[in-house]
Structure formats: structure tokens, C-alpha cells
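[1] The amino acid sequence is not available; the structure is as follows:
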């Protein structure tokens, strides 16, 4: 059952002020004495003060955070300028750079290994102009991504048409009988495998080796 007491502080502040005002104006009808409202009125004053104090501190915190961020960004800009000068000096050793805790050439992120070419690519006609492609991972486990590419009618170049971590894709909306050549490559980060075998659809389906 919903509570008549508002949860949000500022809304509750308005609700409480209205409650006290209306109750004070209708003491007899409500069967109350003015002293009955003394405690809650005192609490309201304390609550109002705390709300004002909180808003003041929030504003001060926001200003302090902005001052901190400005000082930090200024120091970062100066630090980057100094690091750039240091990196440009060929006689500064990697050990000295490491002690400064700055980037040392040759110790950046390791390039992911080149993934294996997917194998067993095959296309099955599942409807007019719809072809289901399936292939095998060939040892490429997640987070390997598979890039499906095709030479579409009227073109001589492969273009990407789909990417997925799965090993199946249904290519729909094609002109029945139009020749399409498919291949799949595995991707790991910025590394790409050699292509899989090709699968060609026309009036028939035929998997062939890459040219």
C-alpha cells in the first residue's frame, strides 16, 4: 500500500509544512491542542535547517570538485609536456623512464596472436534468396569474433556483411539465382585470420577453396 509520507526530502518538506499549517488552523475539529504540534514543529525547524545546510555543502562540494579538476587538468597538461620532452631524448634510459613511471617504448600492450582461419564454411538455401551459412571455429575460442564477407552481384570485391561470435548466419533478402561468394575470417582485437574456404551460391551451392 502506498505511503502518504513523500520519500523525496524537498517534497516531504512541503508536505510537512502544509500538515502543520492545516492542523494548526483546525485544532478543535481534529481534537488536538497547540501543544500537540510543538514537537513536530521543532523537528520541522531542525529538518529545514539541515536541508539548507546540506544544499550549501553540496554547492561547496561541487565548487571544490571543479577547483580540484581544474588543478588536476593543468598539472596533467604540464606533465605530458615534460614527458614528451623526456621521450624525445634518445639518451634517457628505459630504466630511468620506468622509475618516472612513464610509458617505456616497447612495453605497450601486446598485440593479440593471429587467429586461425575458420574452416568448413558451407551455405544452405533455406528460402528464396535466403542462405544459411555455417562454419567451424578451428580452435578459435571466445572472445574471437567472426567476420562474414561476400562478393555481391555486380561487384568483384569482398565486403563485410555481418560479424558475430557465433558460427552461423542467415543472409536474407537476396535475388534468387544471383551469384554470391562468401568467406569468413576470424578476428581477435586488431588481428585477422586468413579467410576460410569460399561458399558460392547461385542456383546451387558449392564450397570451394580460397583463391
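    All right, it came through fine. Just so it is clear, the model here is predicted, and its values are computed rather than measured.
[2] Quick one: the helices in the chain, in order.
    Counting by DSSP state H, the chain has these helices, from start to end: 9-25, 27-30, 38-87, 94-99.
[3] How is this structure divided into domains?
    As given by automatic domain parsing, the domain ranges for the chain are 9-84, 119-208.
[4] picking up where we left off before, let's have the helices of the chain in CSV, adding mean neighbour count and mean pLDDT.
    Every C-beta, even on glycine, is put in place using the N, C-alpha and C of the backbone. Shown next, in CSV, are the helices of the chain (neighbours: other CB atoms under 10 Å; pLDDT from 0 to 100):
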stretch, mean neighbour count, mean pLDDT
helix 9-25, 13, 94
helix 27-30, 10, 94
helix 38-87, 11, 93
helix 94-99, 12, 84
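[5] Need the ones you listed in CSV (columns: distance to residue 141).
    Below are those laid out as CSV (distance: least, CB to CB, whole Å):
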stretch, distance to residue 141
helix 9-25, 52
helix 27-30, 73
helix 38-87, 38
helix 94-99, 34
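[6] Just tell me which of these ends up closest to residue 159.
    With respect to residue 159, and counting by CB to CB, the nearest of these is helix 38-87 at 39.9 Å.
[7] what is the orientation angle of that closest one with helix 9-25?
    Between helix 38-87 and helix 9-25, the angle comes out at 170 degrees (axes from the mean of the first three to the mean of the last three CA atoms, to 10 degrees).
[8] Report how many residues lie close to residue 193.
    By other CB atoms under 10 Å, 20 other residues sit near residue 193.
[9] quick revisit: list just the one of the helices of the chain that sits closest to residue 160.
    Here helix 38-87 is closest among those (CB to CB), at 36.5 Å.
[10] and that closest one, what does it pack onto?
    When contacts are defined as 3 or more CB pairs under 8 Å, 6 or more residues apart in numbering; DSSP states H and E, helix 38-87 sits against helix 9-25.
[11] Tell me how far residue 92 lies from residue 100.
    Using CB to CB, to the nearest Å, we find residue 92 at a distance of 9 Å from residue 100.
[12] shared neighbours of the two, anything?
    residue 86 (CB atoms under 8 Å, 6 or more residues apart in numbering).
[13] coming back round to it: want to try TSV for the domains of the chain, with distance to residue 3 as columns?
    Below are the domains of the chain laid out as TSV (distance: least, CB to CB, whole Å):
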stretch	distance to residue 3
domain 9-84	11
domain 119-208	47
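[14] Out of these, which gets nearest to residue 113?
    Closest among the domains of the chain, using CB to CB: domain 119-208, at 6.7 Å.
[15] what's the spacing between that closest one and its chain's center?
    Taking CA atoms, centre = their mean, to the nearest Å, the mean C-alpha location of domain 119-208 is offset from the chain mean by 28 Å.
[16] swap in stretch 74-89?
    Per CA atoms, centre = their mean, the centroid offset for stretch 74-89 relative to its chain is 30 Å.
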